[in-house]
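Colleague: Let me see the structure of the following:
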Amino acid sequence: MSSIPNAEDLYQTLLNQLREQKKISPDFQLAGLASGGAWVAERLAKDLGLSAHGVINVSFHRDDYAEKGIKALNSSEGMSTKLPFEVEGAHMILVDDVLDTGRTVRAALNELFDYGRPAKVDLAVLADRHRRQLPVDATFKGAKVKMADNQILVLEQLDDGRFSFTAEAQ
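Modeller: Residues are numbered from 1 along each chain as shown. Modelled structure (predicted):
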């Protein structure tokens, strides 16, 4: 298996893709999935000069709520869903740190649609593990990465705002 990807390199790749998107279609809204995706969305919004970004907490829509939902609620550090813009008719770009099975994205879509019906939804991720259980793919991605099946990638945000991945046993 490959080594742990450099999160900063993946961030720069993702940022460049979204800069190109902004040239083509500047009217999109970013919403990051709590908590890693919210960190990435916050930094992307700043670097892209966007006035706002949203946060989506998927805890109540998880298909494994009984197992992980309460834990996810507590570990999201108070990151409740906040969408400081109109969702109805908007071009939304959901942002997450790692795309793996697609189940978290499904939960995020359920939460997002509780706030309105967007015209379009794209997905932006730092790392794509590409082990799908659902038909979900990212429009924008830092890179496709390979890790051992028994490892998960965990995003950390350093004190200076930079990102770093670590691998943990699943």
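Colleague: So which residues of this protein form strands?
Modeller: 29-33, 54-56, 91-99, 120-128, 140-144, 151-157, 163-169 (DSSP state E).
Colleague: How many neighbouring residues does Glu88 have?
Modeller: Glu88 sits with 9 neighbouring residues when counted by other CB atoms under 10 Å. For every residue, glycine as well, the C-beta is placed using N, CA and C.
Colleague: ugh, wrong one, Asp96
Modeller: Neighbour tally, Asp96, other CB under 10 Å: 27.
Colleague: so it bridges to which residues?
Modeller: When bridges are called by DSSP bridges, Asp96 pairs up with Val125.
Colleague: before we move on, back to that, nearest to Leu109, of the strands of the chain?
Modeller: Leu109 sits nearest to strand 120-128 of all the strands of the chain, at 6.8 Å, using CB to CB.
Colleague: outside of that closest one, which residues touch it?
Modeller: With CB atoms under 8 Å, 6 or more residues apart in numbering as the test, strand 120-128 has contacts from 5, 7, 10-11, 14, 17-18, 28, 30, 37, 40, 44, 91-99, 105, 109, 112, 136-145, 153, 155, 163, 165.
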